[in-house]
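Engineer: coordinates only, sequence not included:
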């Protein structure tokens, strides 16, 4: 199934070269989990701070849930941000 993966800030460097505007269409296996995608793109799990699936926060405990991802979903990941 096909979903959109978006990586922001310094994580965008981990996207494939065909990514545009911090996003890329990816094909994932049925039953893939959010953490499987995080691992596939070599995003250190400790840097996957804010994870949104279709705009809804996915907490750490739910990232291994099978069946959460559906065709056409948008998975967006931000690292921790500091500033003032």
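Structural biologist: Okay, I see it. As the structure is a computational prediction, the values presented were derived from the model and not from experiment.

Engineer: ok, which stretches of this structure are strands?
Structural biologist: Along the chain, counting by DSSP state E, strands occupy 2-7, 23-27, 50-53, 56-57, 74-78.

Engineer: Which one of those lies nearest to residue 44?
Structural biologist: Nearest to residue 44 among those is strand 74-78; the distance by CB to CB comes to 10.9 Å. The C-beta positions use only the backbone N, C-alpha and C, and glycine is treated the same way.

Engineer: by contact count, what packs against the closest one?
Structural biologist: The criterion is 3 or more CB pairs under 8 Å, 6 or more residues apart in numbering; DSSP states H and E, and the helices and strands that strand 74-78 contacts are strand 2-7, helix 34-40, strand 50-53.

Engineer: packing partners for the last one?
Structural biologist: Applying 3+ CB pairs under 8 Å, 6+ apart, one finds that strand 50-53 contacts helix 34-40, strand 74-78.

Engineer: Tell me which of the strands of the chain sits nearest to residue 64.
Structural biologist: Among the strands of the chain, the nearest to residue 64 by CB to CB is strand 50-53 (12.1 Å).

Engineer: quick one on the thing from earlier: could you take the helices and strands packed on strand 74-78 and lay them out as JSON lines, with extra columns for distance to residue 83?
Structural biologist: Shown next, in JSON lines, are these (distance: least, CB to CB, whole Å):
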{"stretch": "strand 2-7", "distance to residue 83": "19"}
{"stretch": "helix 34-40", "distance to residue 83": "24"}
{"stretch": "strand 50-53", "distance to residue 83": "14"}
